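*Asks:* below are the sequence and a predicted model; questions follow.
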Amino acid sequence: MKQFLWLVKFEIKKILKRKGTWITAGSLLAFLMILLCSVCFGTTYIDGKYIETRLEGFRKDAAYARALSGKSVDALLDEMQKALADAGTEDREHWYDLFYLNENLRRYLDVFQRLRLVPEMADGNGALLNGDAYYRLRRELLEERWDAYRLTEKERAHWEAQEKKLPRPFLYQYADGYESALFGVGIYMVMLLVTFFSAVCMSGVFYEEHMKRTDQLLLCAQHGKRMLYFAKITAGSAVSVVYAGLMLGVTFGVNFLISGSDGFHAMLQIYAPFTSKPVSIGMAALAASGVALAGALLTAVFTMTLSELLRHNIGALSVAVAAAFLARMVSIPPRMRVLSQIWNYMPVNLCAPDGLFDYRLVPFPFVDGLESMQAAPLLWLALTALFVWAGWRAYCTYQVRGR
């Protein structure tokens, strides 16, 4: 074990001593920071009139929203209807203009964005719905989604049981920091950037010794096959997972600086109305972060294994990057249930806002089925083990040929 840990430490040092590792890691981190901070850039104009900077708007809306935290959806909808009536206007074509131009309405802007169920929240006359209509409309739209995903009776029963656990009435609580990390420029972007990092930095972990022609010496050493292979896999995986953790920390940190860290226990349904899972948005964000770390592990091992199978780092890099782009560019409709569900379990797809809360369950022994964020880490760990085995077979059977 001591020799193995020494080899892992040595391989980590090799990865971290490459200039390419630091350039790639720094560039991707800077890109993420720019994306996270970009929401504060710019100004708001209405009809050519300056209103405020985006940062000033964030601070004002956050203060108003915090003052309303803890109120029920029913009460807030009634209050917004009264505020609209007091505004004395029937114009409902430009909702956001109304809220920005009237300070009394502005108090409800964040609430309005959460409860509108865009674009169905208004009735035919443009008026906001009341509490009863809100729950009725949410249920109708939820069942439409269940139909679109072709859920089985067992899956419908599962989500019906989850729906019964949701408290009524829904309580509003400000949690924009967690919402941005979970559904905005957050966990999904981290997963995508970590995929690029692994593709660039891990594709050379095994190829390097073939390129520098040190493979003949290493493979004939006492620990040159089995132990060295697992040391390389462990080192590359550790660097990728730690980097993913760093990116997640930066994501949450910047979002909390901009929008605040309050609202950990806020209802998830306020920010994701068509989700039936009875958990807080903070717990959902933590679970999604764990899924992203598991995805980073799978991506790193896949890239390293592929580079050994292909005996080429550029080939492995190209396949990993192309797979990530293809996953997001190609959309498989839910009616193609099996193929669509498999496609959704690619790490960059599952970590996207539209993939985290897949309604379809995954069959599993001794339980009725696992939800997407429960099943994904287990499936990915199984795939990781399969890739490790395939890479080990290729590495141990590799023969140095004449050059």
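*Replies:* Good, I have the coordinates. Numbering: from 1, shown residues only.
*Asks:* quick one: low-confidence residue ranges for the stretch 301-403 of the chain.
*Replies:* For the stretch 301-403 of the chain, the stretches with pLDDT under 70 are 398-403.
*Asks:* tell me where it has strands.
*Replies:* 362-364, 367-370 (DSSP state E, counting those that start in this stretch).
*Asks:* Arg18 against Met202, yeah?
*Replies:* No: proximity of Arg18 to Met202 does not meet the contact threshold set by C-beta atoms under 8 Å, at 11.0 Å. (C-beta placed from N, C-alpha, C; glycine too.)
*Asks:* more neighbours, the two?
*Replies:* Met202 (31 against 13; other C-beta atoms under 10 Å).
*Asks:* residues in contact with the more buried one?
*Replies:* Taking C-beta atoms under 8 Å, 6 or more residues apart in numbering, we find Met202 in contact with Ile15, Gly236, Val239, Ser240, Ala300, Thr303, Met304, Ser307.
*Asks:* spatially, which two of those residues are the most separated?
*Replies:* Using C-beta to C-beta, the contacts of Met202 reach their maximum pairwise distance at Val239 and Ser307, which is 14.8 Å.
*Asks:* okay, these two: which has more neighbours?
*Replies:* Using other C-beta under 10 Å as the criterion, Val239 and Ser307 rank with Ser307 on top: 29 against 23.
*Asks:* residues in contact with the closest residue in space to the more buried one that isn't next to it in sequence?
*Replies:* Leaving aside its sequence neighbours, Ser307 sits nearest to Ala316 (C-beta to C-beta, 6 or more residues apart in numbering; 3.7 Å). Residues in contact with Ala316 (C-beta under 8 Å, 6+ apart) are Ala199, Ser203, Tyr207, Thr303, Met304, Leu306, Ser307, Leu310.
*Asks:* in this structure, where is pLDDT below threshold?
*Replies:* If you take pLDDT under 70 as the line, the chain has these spans: 88-96, 116-129, 208-225, 398-403.
*Asks:* ranges for the helices of the stretch 251-400 of the chain?
*Replies:* With helices called from DSSP state H, counting those that start in this stretch, the stretch 251-400 of the chain shows them at 268-271, 281-310, 313-329, 337-344, 347-350, 372-396.
*Asks:* then the stretch 1-150 of the chain?
*Replies:* 2-16, 19-37, 54-68, 73-87, 95-101, 103-106, 109-115, 131-148.
*Asks:* now tabulate the helices of the stretch 251-400 of the chain in TSV and tack on distance to Val250.
*Replies:* Below are the helices of the stretch 251-400 of the chain laid out as TSV (distance: least, C-beta to C-beta, whole Å):
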stretch	distance to Val250
helix 268-271	21
helix 281-310	12
helix 313-329	20
helix 337-344	26
helix 347-350	19
helix 372-396	22
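*Asks:* out of those, flag the one nearest Leu68.
*Replies:* The nearest among the helices of the stretch 251-400 of the chain, by C-beta to C-beta, is helix 268-271 at 11.5 Å.
*Asks:* other SSEs contacting that closest one?
*Replies:* helix 109-115, helix 176-183, helix 281-310 (3 or more C-beta pairs under 8 Å, 6 or more residues apart in numbering; DSSP states H and E).
*Asks:* pick the most buried one from the ones you listed.
*Replies:* Neighbour counts (mean count of other C-beta atoms under 10 Å) averaged over each of the helices and strands packed on helix 268-271 peak at helix 176-183, with a mean of 25.
*Asks:* report the angle between it and helix 54-68.
*Replies:* 110 degrees (axes from the mean of the first three to the mean of the last three C-alpha atoms, to 10 degrees).
*Asks:* contacting residues around the helix or strand following helix 176-183?
*Replies:* Counting by DSSP states H and E, the element after helix 176-183 in chain order, helix or strand, is helix 187-201. Residues from elsewhere that reach helix 187-201 (C-beta under 8 Å, 6+ apart): 15, 18, 20-21, 24-25, 28, 31-32, 35, 181, 236, 239-240, 243-244, 247-248, 251, 285, 288-289, 291-292, 295-296, 299-300, 303, 316-317, 320-321, 324, 328, 347-348, 351-353.
*Asks:* name the residues of helix 187-201 that are buried.
*Replies:* 187-201 (16 or more other C-beta atoms under 10 Å).
*Asks:* quick one: contacts for the residue nearest to Leu35 when sequence neighbours are not counted?
*Replies:* Leaving aside its chain neighbours, Leu35 sits nearest to Val185 (4.7 Å; criterion: C-beta to C-beta, 6+ apart). Contacts for Val185 were tallied using C-beta under 8 Å, 6+ apart; they are Leu32, Leu35, Leu36, Ser38, Val39, Thr251.
*Asks:* brilliant, that's me finished.
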